[in-house]
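Trainee: With the sequence up front, the predicted model follows.
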Amino acid sequence: MRPLATPILILILAALAVPPASAAAPALDAVRRLELSRLERLRGPALDPVALRGEAVLVAFFASWCPPCEREFRVLKKLDAAFRGRGLRIVAVNLFESWGGRSDEGRLRAFLDRHDPPFTVLRGEARSARLFGRVERIPTLWLFAPGGRARLHFVHAQGAAKAYLTLAELEAAVEAALSGSAPADPAAATE
């Protein structure tokens, strides 16, 4: 009877260590704001981690080789123009650029030149991916309300019908985040 008690105790302790599903959504807290501000800036304005505390922040993870990221960048640029000066900060984090062992700085520069983003673009790291809910696919997008609470999470899942969010979907989510109201249907924008 004793040999069976140890594995059962280990299983119970392991189950208790798993965070609840609601804990999966990160907040844009001081640690994550500092992480963003310490990453290498590729384009756009520098980030002040203190200033980010009072803004809605959209964090978009992308790579230059990702076809849905091309479309998403066009949408993000329009979103930035629509909300410039209204309390939204867009931060794009380049991640998985060397996926499959094919790193190409020229491809990344061409992507950024083609899109000419007016928002901040950073070079992400493995730590960045872990801090933002273990980002494993791109595009992945998080929208945080001015207080830091996650308001929207979108992941382009493999084989999903929806590859990126439309401008209208993002505008509605940003308006809701800025006003403090609940999004119309947060599950509709999550893949």
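Mentor: Sure, I can see it.
Trainee: residue contacts, the closest residue to I90 other than its chain neighbours?
Mentor: What sits nearest to I90 in space, not counting adjacent residues and going by C-beta to C-beta, 6 or more residues apart in numbering, is F119, at 3.8 Å. In this view, the C-beta of every residue, glycine as well, is placed from N, C-alpha and C. Going by C-beta atoms under 8 Å, 6 or more residues apart in numbering, F119 touches 44-45, 76-77, 80, 89-92.
Trainee: Mark which of the residues you listed are buried, thanks.
Mentor: Among these, those buried by neighbour count (16 or more other C-beta atoms under 10 Å) are 44, 76-77, 80, 89-92.
Trainee: Switch those over to JSON lines; also include secondary structure and distance to Y164.
Mentor: Formatted as JSON lines, these follow (DSSP: H, G, I helix; E, B strand; the rest coil; distance: C-beta to C-beta, whole Å):
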{"residue": "G44", "secondary structure": "coil", "distance to Y164": "20"}
{"residue": "L76", "secondary structure": "helix", "distance to Y164": "9"}
{"residue": "K77", "secondary structure": "helix", "distance to Y164": "13"}
{"residue": "D80", "secondary structure": "helix", "distance to Y164": "15"}
{"residue": "R89", "secondary structure": "strand", "distance to Y164": "19"}
{"residue": "I90", "secondary structure": "strand", "distance to Y164": "14"}
{"residue": "V91", "secondary structure": "strand", "distance to Y164": "17"}
{"residue": "A92", "secondary structure": "strand", "distance to Y164": "13"}
